[in-house]
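In: Give me coordinates for this.
(2 chains)
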2 protein chains.
Amino acid sequence: MTVGDIVRQQARINARKVGLVDDDKEFTYKEINERTSRLGNALVNLGLTKADRVAIIADNCHEFVEAYFATAKTGLTIVPLNTRLSASEVVFHLNHSESAVLIYKADFEDVVRKVTPDLGTVRHFVRIGPPQNGVVSYEAVIRQAAPEDPMIPVGADDVFMIMYTSGTTGSAKGVISTHRNIMAATNLMTIETRVVPEDVNLLVMPLFHSGGLWPTLCHFYRGAQTIILPRFDEKKVMQMVEERKITFLNLVPTTLRRMISHPDLGKHDLSSLRFIMYASAPIPLVQLREAMSILGPHRFFTGLGATESAAGGMLMFTTSEHAQALDGPLKDKLGSVGREAIGVEVKIVNELGEEVSDGEVGEIVAKGAHVSSGYLKMHEETAKTFKGGWLHTGDLAYRDDDGYVFIVGRKKDIIISGGENVSGLEVEDTICQHPAVEDVAVIGVPDETWGETVKAVVVLKPDQVSRITEQEVIGFCRQRLAAFKTPKSVVFVTELPKNATGKIIKNELKRRYN
Amino acid sequence: MTVGDIVRQQARINARKVGLVDDDKEFTYKEINERTSRLGNALVNLGLTKADRVAIIADNCHEFVEAYFATAKTGLTIVPLNTRLSASEVVFHLNHSESAVLIYKADFEDVVRKVTPDLGTVRHFVRIGPPQNGVVSYEAVIRQAAPEDPMIPVGADDVFMIMYTSGTTGSAKGVISTHRNIMAATNLMTIETRVVPEDVNLLVMPLFHSGGLWPTLCHFYRGAQTIILPRFDEKKVMQMVEERKITFLNLVPTTLRRMISHPDLGKHDLSSLRFIMYASAPIPLVQLREAMSILGPHRFFTGLGATESAAGGMLMFTTSEHAQALDGPLKDKLGSVGREAIGVEVKIVNELGEEVSDGEVGEIVAKGAHVSSGYLKMHEETAKTFKGGWLHTGDLAYRDDDGYVFIVGRKKDIIISGGENVSGLEVEDTICQHPAVEDVAVIGVPDETWGETVKAVVVLKPDQVSRITEQEVIGFCRQRLAAFKTPKSVVFVTELPKNATGKIIKNELKRRYN
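Out: Predicted coordinates for the structure are as follows:
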């Protein structure tokens, strides 16, 4: 089975069911199947053949979903671009992936104009929106192409996608995912998340990222329904949950916090939600507990995924621990990313690649049918990250003797102060317990005596600004942490630099304070 | 991922959880993993190498489950034997499969003694029970072998199992299933049946049959729990459901009916059941409605599987239709085997292999990753049944325009009377509506004028015997069916011949009445 077969099957068994909702437009599975066939035929008519690359830059919209299935059906490779890329990054992604076609939403007209002179391989542009500057509109392309299935043989080992990692550090790497990788991830995620045909998925994470793609694939796979939100807006999310009886919500800690702290939270009936996923970035436990208390602990799930495992196919997952993790018997499991996801093998290894004992910290490495074979045209990076067939995640963690894994930080984010390893995450979690603190990042800064010392970059709650001093934060930590873990310095800022998925860009902070 | 990896993973993440219960014996996943490694090592120590075959004949027991995983881990092929085979059939199965080892339960000592002189390839016997006649006991074998994982490389395309079809007609055929087939089926079935780690499966169908194997694999895959019942006993089932809070029950129509009509039904709390599957044989709608009314319609699921699709990996499945199928909007879907199971492609075709229109009757053919590549050493049968890569099920059915498939009979069971096709199933369903009738089989018998005529073989309810005549049954049908469908003759019997899975052996009836 390949990714295109997902919509083909739904057109057979759920032809008249609305599978996708985008604002006031609703599409049945039969319509989606036909539209994706049309787009596939149009791409073939442009002269594209097997494994040619089709890039797309757009906020979440039905055309984005269609582009995934259209390329899947025709054996083409999709290259979804991050909407926050700078113009020079867009040029790099398009040229590096050797994309032949760029589909873009009208909002990105300026960027596209700007980068066009520097593109080496893009031969065709398709514009989501009215035609402009001689670029044909997406709807015209769809309309003019034949509605029949392109019937192009696509194999499980054909490449389906090049998704560039968001790259909080270093340069972007294009992860190669085959149809087999993606289908393995879709099976795994459907089992772990228990998606059923009755589910209604509110898509709030971007479709260019794994966090937007996997829920969409799972809901299509099960013939459920996906409702698109172009960009995250906490008020809109709550309204939609109430109106559309949303059952499934994949969030990141930042967006979860924004929803929980919204003054209108109590005004909306959110009881239809059966599955709230928070992942992609660490969440302070105090905030997680608050969210669980308000929305009901049994609705919460988390895990650990990677772009390198078929666009966010999970490596670790929780099952129903949250239901007993607030004050129940599993409260010491809160903060864990769960246990091995189904069919995945995970090891915690030391620098030599040897498995460490339970409780000892090492790097998470993983194997599974969804793990990518490597990065596009980056042999050295591939050899390093996929050494011995194991995906090296760069996440440092320990496993307890029940098999639960707890992340202590990123390999490159560990602070070594006076020879001691300090987990930035642990310090962040402590500082977050201070009632005046809204957000925090902890980094290592160079120090002549200690090698590195711990520095905290703190965002205070709006009504607490200027009411708390550096010394108070340090004192708060000293009572709770070993001396070598206690920050030597604290700065207050109004915002932390974050990427599209809510991960703090620590390299930027390090540059700023080093 | 191969089948052996299922227990390996559970030993990592659910080491201390009881995964298997057999009478008063409970086994944690760690223990099961170790015991299956020991048995695997023991088989290797006997000199068996990759793809050698290990047959087993036993009622349901933990050793049977262990044998599946032990052979999986060592790249050996398991041959599960039907416990109801005659001695000559046992000889055929063992010789045809070229089995090198026979594991048997003590109850089958007599059969084994009897067949031994005729066996051509079996070199070793292992006895589940105390040693006897020089045959070593299973527990001694386990005890003496090393507990370490045999670490034998096993590939997805290695053969895992030869399961012989129960063969209501013709000679038994050995269906070849690879690890890839079985894992595809396990993924599919886990998604469709929504098994979660909290589930408790009461295993009442035989482990030598797909109906016992697939629920076991799914529950192991999810780290849930399986409780073994050696043989079906409706009173015991109800007791176990109440005591063990069973959630998952895979039945056949006969056993479902026995449970529903048991006088103690009302005495047991069966509310823990979330999933009751009935399949493998047609069920009269009147009985299904009664069972749904008593136990709650939302708990019922059905589908259509085949030994040829990885030991019962489904081709068709229902989702949650039953909840609305008693008096609700989906009541016209009752009697359907559902729609295409996830990832499966189903067509209804005519004699030329062309797809027929919705509503027209044809043969069900199917494609999917779980569909076998063929029968062992039966090229002609393989070519016929798997023509063009499509599994030809022999089931005649039509599809409604919502994609639901309704079986009208077996291809070879269709009665052609005066040039008209009569579905035995339709006639059976009508006769079952008569309040005095407990069970019925409808067959065609030779007739000089009509080619064939319809004959009904009826089992009356115990208190109705001798109270109803042949003419009453015929009259009852005439009011409800076209003349050509109405039986020309009716006989009353006390029992219908059935195979292990509750399918009526119509060939035997035809022999008897032709």
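In: what about the stretch 101-250 of chain A, any weak spots by pLDDT?
Out: A:166-170 (pLDDT under 70).
In: show me where it has strands.
Out: Using DSSP state E, counting those that start in this stretch, the strands of the stretch 101-250 of chain A run over residues A:124-128, A:136-137, A:159-164, A:174-178, A:200-203, A:225-228, A:248-251.
In: so can I have JSON lines of the ones you listed showing distance to chain B and mean neighbour count?
Out: C-betas here are computed from N, CA, C, even on glycine. Listed next are the strands of the stretch 101-250 of chain A as JSON lines, based on distance: least, C-beta to the nearest C-beta, whole Å; neighbours: other C-beta atoms under 10 Å in any protein chain shown:
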{"stretch": "strand A:124-128", "distance to chain B": "31", "mean neighbour count": "21"}
{"stretch": "strand A:136-137", "distance to chain B": "34", "mean neighbour count": "16"}
{"stretch": "strand A:159-164", "distance to chain B": "16", "mean neighbour count": "24"}
{"stretch": "strand A:174-178", "distance to chain B": "15", "mean neighbour count": "23"}
{"stretch": "strand A:200-203", "distance to chain B": "14", "mean neighbour count": "24"}
{"stretch": "strand A:225-228", "distance to chain B": "14", "mean neighbour count": "24"}
{"stretch": "strand A:248-251", "distance to chain B": "15", "mean neighbour count": "26"}
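In: per-residue confidence for the closest residue to A:Q287 other than its chain neighbours?
Out: Nearest non-adjacent residue to A:Q287, counting by C-beta to C-beta, 6 or more residues apart in numbering or on different chains: A:R257, 5.5 Å away. A:R257 carries a pLDDT value of 87.
In: Let me see the backbone angles for A:R257.
Out: Per-residue torsions, A:R257: phi -60, psi -40 (degrees, to the nearest 10).
In: Could you do A:V491 as well?
Out: phi -120, psi 150.
In: Quick check: it vs chain B, distance?
Out: From A:V491 across to chain B, the span is 42 Å (C-beta to the nearest C-beta, to the nearest Å).
In: same deal with A:V286?
Out: Counting by C-beta to the nearest C-beta, the gap from A:V286 to chain B is 28 Å.
In: Which strand or helix spans that residue?
Out: Using DSSP states H and E, A:V286 falls within helix A:285-295.
In: I'd like the next helix or strand past that helix.
Out: Later in the chain than helix A:285-295, the nearest helix or strand by DSSP H and E is strand A:300-301.
In: Other residues contacting that following strand?
Out: Residues outside strand A:300-301 that contact it (C-beta atoms under 8 Å, 6 or more residues apart in numbering or on different chains): A:193, A:275-278, A:288, A:291-292, A:317-318, A:322.
In: Give the burial count for the residue nearest to A:Q287, as a bare number.
Out: Number of residues near A:R257 (other C-beta atoms under 10 Å in any protein chain shown) recorded here: 22.
In: what do you get for A:D401?
Out: Residues near A:D401, counting by other C-beta under 10 Å, number 10.
In: so what's it up against?
Out: Contact analysis of A:D401 by C-beta under 8 Å, 6+ apart lists A:358-359.
In: where does the stretch 101-250 of chain A come near chain B, residue by residue?
Out: A:187, A:190-191, A:194, A:196-198, A:221-222 (C-beta under 8 Å from any C-beta of the partner chain).
In: Quick check: buried residues in stretch A:388-397?
Out: The neighbour-count check on stretch A:388-397 (16 or more other C-beta atoms under 10 Å in any protein chain shown) flags A:390-397 as buried.
In: Considering the residues you listed, which is situated nearest to A:R16?
Out: Using C-beta to C-beta, A:L391 comes nearest to A:R16 of the buried residues of stretch A:388-397, at 41.1 Å.
In: measure the closest one to chain B for me?
Out: 15 Å.
In: residues touching that residue, list them.
Out: Per C-beta under 8 Å, 6+ apart, neighbours of A:L391: A:306, A:308-309, A:315, A:365-367, A:371-372, A:385.
In: likewise A:L334?
Out: With contact set as C-beta under 8 Å, 6+ apart, A:L334 has these partners: A:285, A:288-289, A:321-322, A:325-326.
In: Where does the prediction get shaky in the stretch 251-400 of chain A?
Out: Within the stretch 251-400 of chain A, the ranges that satisfy pLDDT under 70 run A:311.
In: in it, which spans are helices?
Out: Applying DSSP state H, counting those that start in this stretch to the stretch 251-400 of chain A gives helices spanning A:253-260, A:285-295, A:379-385.
In: Now do the second one: everything it contacts.
Out: Residues lying outside helix A:285-295 but in contact with it, judged by C-beta under 8 Å, 6+ apart, are A:253, A:256-257, A:260, A:265, A:270, A:273, A:276, A:278, A:300, A:322, A:325-326, A:334-335, A:429, A:432-433.
In: Could you rerun that using 6 Å?
Out: Residues outside helix A:285-295 that contact it (C-beta atoms under 6 Å, 6 or more residues apart in numbering or on different chains) are A:256-257, A:260, A:300, A:326, A:335, A:429, A:432-433.
In: Flag every buried residue along that helix.
Out: By neighbour count on 16+ other C-beta under 10 Å, the buried set for helix A:285-295 is A:287-289, A:291-292, A:295.
In: Show me how far it is from its chain's centre.
Out: 21 Å (C-alpha atoms, centre = their mean, to the nearest Å).
In: relative to helix A:253-260, how tilted is it?
Out: 40 degrees (axes from the mean of the first three to the mean of the last three C-alpha atoms, to 10 degrees).
In: before we move on, back to that, using CSV, list the CA coordinates for the helix holding A:V286.
Out: Output in CSV follows, covering the C-alpha atoms of helix A:285-295 (Å, rounded to 0.1, in the frame of the first residue of the first chain):
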residue,chain,number,x,y,z
LEU,A,285,5.3,20.0,34.7
VAL,A,286,3.5,22.8,36.5
GLN,A,287,1.8,23.9,33.3
LEU,A,288,1.0,20.3,32.2
ARG,A,289,-0.6,19.6,35.6
GLU,A,290,-2.7,22.8,35.3
ALA,A,291,-3.8,21.8,31.8
MET,A,292,-4.7,18.3,32.9
SER,A,293,-6.7,19.5,35.9
ILE,A,294,-8.7,21.9,33.7
LEU,A,295,-9.3,19.6,30.7
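In: isn't A:L249 right up against A:I276?
Out: Yes: applying C-beta atoms under 6 Å, one finds A:L249 in contact with A:I276, separated by 5.1 Å.
In: any idea how far A:H262 lies from A:M151?
Out: Going from A:H262 to A:M151 by C-beta to C-beta, to the nearest Å gives 49 Å.
In: And these two? Which one has more around it.
Out: More crowded of A:H262 and A:M151, by other C-beta under 10 Å: A:H262, with 15 against 10.
In: which residues sit in contact with the more buried one?
Out: A:H262 neighbours (C-beta under 6 Å, 6+ apart): A:E234.
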